[in-house]
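**Q** Build me a model from this:
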Amino acid sequence: QVQLVESGGGLVQPGGSLRLSCAASDIIFVVNTMGWYRQAPGKERELVAFINTDGITNYADSVKGRFTISRDNTKTTVNLQMNSLKPEDTAVYYCNRVTSGGHYFPWGQGTQVTVSS
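**A** Residues are numbered from 1 along each chain as shown. Got it, this is the predicted structure:
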């Protein structure tokens, strides 16, 4: 079963940057569109960026122009470079595949991102 391990979160001031990484334990990662999701307190989990197997990316309007998703299939990792962070970006961030049927890999523990002065 695929295991996902997210890392790279932390406390950052508004306008700062963070780079999140997600490591997958199984090669099946390479045939899936992968995404970064986030969940803020009291809110539903939302998809903020995804990248398909051809490297084509897509972003939520709220992060477009600030976040960049990338993947390395040889290392089965997917990364999220976050720039110009805002307080509203504060959330727990998770990676997982993008699926219309809800058939996600088991969720990892996520990584906390807190944007505050």
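
**Q** What about Gly55, how many residues nearby?
**A** 10 (other C-beta atoms under 10 Å). Glycine gets a C-beta too; all of them are placed from N, C-alpha and C.

**Q** and if you look at Val2?
**A** 17.

**Q** Val30 is in contact with that one, correct?
**A** No - Val2 lies out of contact with Val30 (C-beta atoms under 8 Å); the separation is 11.4 Å.

**Q** Which residue ranges of this protein form strands?
**A** Remark: strands assigned in the chain by DSSP state E are 4-7, 10-12, 18-24, 34-39, 46-51, 57-59, 67-72, 77-82, 91-97, 111-115.

**Q** Which among the ones you listed is found nearest to His103?
**A** strand 91-97 (8.1 Å; C-beta to C-beta).

**Q** Within the sheet, what are the partner strands of the closest one, with directions?
**A** Here strand 91-97 is paired, per DSSP bridges, with strand 34-39 (antiparallel), strand 111-115 (antiparallel).
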